[in-house]
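>>> pasting the sequence and the predicted coordinates here, then a few questions.
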Amino acid sequence: MPLKTPNWDFLDMGVISRLSRLTVSVRMPMLGSVTGIHRSATRGSSVEFAEYRKYAPGDDLKFLDWRVFARTDRFYMKEFEADTNLRCYVVLDTSASMKFTSGALTRFDFARRLAGTLAHLLVHQGDATGLVCFADKTLQELPPRRTPTHLRQVLNTLAEAKPEGESNLSKTLHELAERIRQRSLVVIISDLFTEVPELLECFKHLRFYKHDVCAFHLLDRQEFDFDFNRPVRFVDMETGMDLITDPAVVREAYGDALNDYLETLKHGCREFDVDYRLTYLDQGYEGVLTSFLLERIKRAKGGRR
Amino acid sequence: MAYLQPWMLWALPAVLLPLIIHLLNRLRYKTVHWAAMIFLLKANRAATRRAKIRQYLLLACRMLVVLFLLWAMARPLIGGWLGAAAGGAPETVLILLDRSASMEAHGGDRPESKRAHALALLAQAAKQSAGSRFVLIESVLRQPLEMADASALAGMQMAEATDTAADLPTMLRVALDHVVKNKPGSAEVWIASDLQASNWRPDSPEWQDLAARFAGLPQAMPVRILDLSAPAGGNVSVAVKGAELRARDPASGRGELNLNLEFKADADRKGPLPLLITRDGARSQNDIALTAAVQRQNLKFATAKLEAGWGKIELPADDLLSDNSAFFVYAPPVPLRAVIIGDGPATARLRFAAAPDKARTDRTVEVIPLTRADSVAWKDVALAIWAAPAPNETVAKNLRGWVEAGGVLLCFPPEGEGGGGALDVSWTAVENAASATPFRVTSWDEFDGPLARTDSGAPLPVARLEVQRRQLPTVGETAHVYGSFADGRPFLIGRRLGAGQVFACATLPDPAWSTLGEGFVLLPMTQRLFALGGSRFAPPAMAIAGEWKPADADETWTAVETDKRRDWRWHAGVYQSGARRIALNRPDAEDVPDLVETTRLPLLVPGVKMNVMAGALELKADRLQSEIWPAMIVVTMLFMCAEMLLATSKGLLPQKPATAPRVRATPRPMEVTA
């Protein structure tokens, strides 16, 4: 019986090959299980000098700095930075609201492209990548691993995922924060249509466990412009609830509510050091990822200095 | 408000189009599956009342734009008169034109008369009601005249100036008759008048009848009135009250023409007034002094011969030219005869009072005892003085016939127990006053009747009369009291009987009765009654223009003055037919400037829609009825601007994102130095 081959059409190998020149880096030290390219929270044996400390009995004499001993007649141990690998959780919103689009590409397609490309890049640079698909609850969870087989599994899961059901982002993130014990990079890809205080509580929870949290906030241009000019029956994509209204009447209030939401969210993300990225669907995902990676590289280099 | 294209008003329901479109749009919504419901629900809750009000205002503006646009296309007319009713032009318009003499006033410094101004206004109004049929009813002939071209009204002979009066109730009656007879689909009455009270007769019971007839019409017939009244301003009118040619010197045949003139002046007009008098073609000037609003003036002219003639009095030009001239004719006096029935001591004084000048051959008196009263040839008697008891049946019958034919009977107390007298006169018993307190006459009619003021305006010394004995007369219920005693009892009463009149005096010209015999009251009283009774023997010398008609319809009466085109039917002047002459003057009432208050006009015919265009004299012809569509277009544009402002104001336009980042060129990793 032939196996059904999943369709990975959300992956563009050209984009991946271009982006593979860049490193997916983190903004803070990680605690990996193996040696990798990311700064570790512990001392290790890399070529990067970290600091001196006084000798303690039992220390390996290999790291004793004899020259300092010769000059000062004191024992100092030379310590070096440790490099470790990265554990990344890609949290993908698969609720029905992700189906929305006013153009050719739905929000879910965009999110899937981001998630797939990012997972591919991470695994190929030796980092472990996991995937969490959620709607009103966690639907699929693949723990972070760095094997090509695992990558295939991740990509297959992405290919088979369907946007449906209601979203419960805060519950998913709180549960995830409790489940992940090790410092990780948590990449959230969602429309974030939930109450801002609840969302910020989730971010706070994740940051409490010292995870590097990045949120891709996917918005359609029409959701911002609200460019309707005649009465519309709006049907909620998640609940099916409908509302007939004249856009001319609610446009101003809608704009106010959206701007207020965005401002509060941006402010909260700055407060909790969450890498918030407002992304419009008419932006190319390659560009979005490029700027994302470049900014992280700059920040990581700055951190080492 | 009238409309030139009233059919456009059928499109008025189109005003609801914006509302219908709005409702249809609300119904014809499109369905959108939406993700960001969280903001939409918040926005829907926060959609402020202000935004909804703004949307309703927007809708109202759009509806008003359509409304005013359609209204403008219907070409509405305003002007406060013709433009003040809904609907199109009526099928028939009845124009009631007041051509009375007072309509020739200019009402100030205007170059044209009220009548000419009214004609211009009416012609202009007629142009704008081109679809209507116009029927003219003017005030003289009062015959409906259908006009082919109402705009040529000013040039019509039937709209020319006259010296007649107008009778508006009768004109309205003619108009109603015309409407009832012709049954037009819709009709209107346009009245052009200066609202002179004598023309409108607002107290006449005819108005009640007219109101009932208006109410009986199958359709409403609005009445529009062009109020051409103007405040009085320095006008003086002259009227000839009498022109009497008397024999001054019977031997030489010289005569004296006595003209009795009446001047009526507005309050602010006093001082010297030059009179131009034309008599038999010869002109002379006399100056008089105006001292009162109503002034009587006697002018006497010596004539070389006692021959008939004619003349006219002219005043300097003022606001109203037509009342500045008055015409008269005069003729030698006709011999008059009076009879005194009675044989008492008072008859001598009565005889003297009736014919004081024995040299005058034109006034003769005969005293006849009651017993011979049946021998009186009543036919040529002008005045009969009855100072005797009641006549027998034959005499009474003759007497009644004579009075009804125009004779004047003056009765005095029969000196008895009272009871019936001549004709219907009855007497009370004799009353005697105390010697120290005689009966006195305290009130009498100074303006009309035998006790009126003299021609020069001096009052008769009636109050000086001392009456010791009296017998109070009654002559029926319709008697007019010409004088009464201090206790209210009648001194002199009179009533009409056919063409003649019967008078009764309460005392005798006898010293035992009163001082009436001294003559200072008796003489003028008797002379006046004599002249009154004799007036039927004199040919008609003066009459009122518009009212007088020749006895024979085939007679041709032409104006004596050949320099003016005059028609006896409506122009004042002196006209002659063979050797006969008549002076026609405008009616006295035309000289009385009293007006009907405009607020009273609608009350005359309650239930009739009446529109009074006050101040029509100030109105230019082209402003009587003006189109206001340009103003409507301006209003429409204002509403369009308001609609635009509301539509483009914040919150109603699609809000473009102010902060949304646009798509930027995607940086290629190759170009980046990582």
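Ah, there it is. Predicted, not measured: the structure shown is a model, and the values here were computed from it. Residues are numbered from 1 along each chain as shown, chains lettered A, B, ... in the order given.

>>> can we go C-alpha only for contacts and neighbour counts from here?
OK.

>>> which ones are touching the residue positioned nearest the centre of chain A?
Closest to where the C-alpha atoms of chain A average out (C-alpha atoms, centre = their mean) is A:Val187, at 1.3 Å. Neighbouring residues of A:Val187 by C-alpha atoms under 8 Å, 6 or more residues apart in numbering or on different chains: A:88-91, A:213-216.

>>> then B:Leu320?
B:102, B:104-106, B:235.

>>> now do B:Ser100
Contact analysis of B:Ser100 by C-alpha under 8 Å, 6+ apart lists B:139, B:161-166, B:590.

>>> nearest spatial neighbour of it, skipping sequence neighbours?
Leaving out its chain neighbours, the residue that sits closest to B:Ser100 by C-alpha to C-alpha, 6 or more residues apart in numbering or on different chains is B:Ala165, at 4.6 Å.

>>> element containing that neighbour, please.
Using DSSP states H and E, B:Ala165 is not contained in any helix or strand.

>>> still on that earlier bit, farthest pair within the contacts of B:Leu320?
Maximum pairwise distance in the contacts of B:Leu320, criterion C-alpha to C-alpha, is 12.2 Å, between B:Glu104 and B:Asn235.

>>> count the neighbours of the residue nearest to B:Ser100 for me.
Residues lying near B:Ala165 (other C-alpha atoms under 10 Å in any protein chain shown) number 27.

>>> the residue nearest to B:Asp510 when sequence neighbours are not counted and A:Asp256, how far apart?
Nearest residue to B:Asp510, sequence neighbours excluded (C-alpha to C-alpha, 6+ apart): B:Ala346, at 5.2 Å. From B:Ala346 across to A:Asp256, the span is 120 Å (C-alpha to C-alpha, to the nearest Å).

>>> of those two, which one has the most company?
Here B:Ala346 and A:Asp256 are compared on neighbour count by other C-alpha under 10 Å; more neighbours surround B:Ala346, at 19 against 16.

>>> OK, contacts around that one?
Per C-alpha under 8 Å, 6+ apart, neighbours of B:Ala346: B:508-510, B:517.

>>> which one of the residues you listed has the most neighbours?
Going by other C-alpha under 10 Å, B:Leu508 tops the contacts of B:Ala346 with 30 neighbours.

>>> secondary structure class of it, three-state.
coil (DSSP: H, G, I helix; E, B strand; the rest coil).

>>> ok, it to A:Ser95 distance?
Counting by C-alpha to C-alpha - B:Leu508 and A:Ser95 are separated by 133 Å.

>>> got the phi and psi for the residue nearest to B:Ser100?
The phi/psi pair for B:Ala165 (degrees, to the nearest 10) reads phi -100, psi 170.

>>> got a pLDDT number for it?
As predicted, B:Ala165 sits at a pLDDT of 89.

>>> ok, now A:Ala82?
60.

>>> so which residues of the chain form helices?
Just going to use chain A. Taking DSSP state H, the helices of chain A run over residues A:13-19, A:66-72, A:107-124, A:148-160, A:169-179, A:196-208, A:221-225, A:247-271, A:285-304.

>>> actually it's chain B I care about, not the one you picked
Listed in chain order, the helices of chain B (DSSP H) span B:17-27, B:37-46, B:49-73, B:114-128, B:168-182, B:197-200, B:206-215, B:346-354, B:393-404, B:522-534, B:601-604, B:629-648.

>>> reformat those helices as CSV; add mean pLDDT and distance to B:Met221.
Compiled in CSV, the helices of chain B are given as follows (pLDDT from 0 to 100; distance: least, C-alpha to C-alpha, whole Å):
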stretch, mean pLDDT, distance to B:Met221
helix B:17-27, 84, 35
helix B:37-46, 84, 58
helix B:49-73, 86, 25
helix B:114-128, 82, 17
helix B:168-182, 92, 9
helix B:197-200, 90, 19
helix B:206-215, 90, 7
helix B:346-354, 85, 60
helix B:393-404, 87, 45
helix B:522-534, 87, 48
helix B:601-604, 88, 13
helix B:629-648, 88, 27
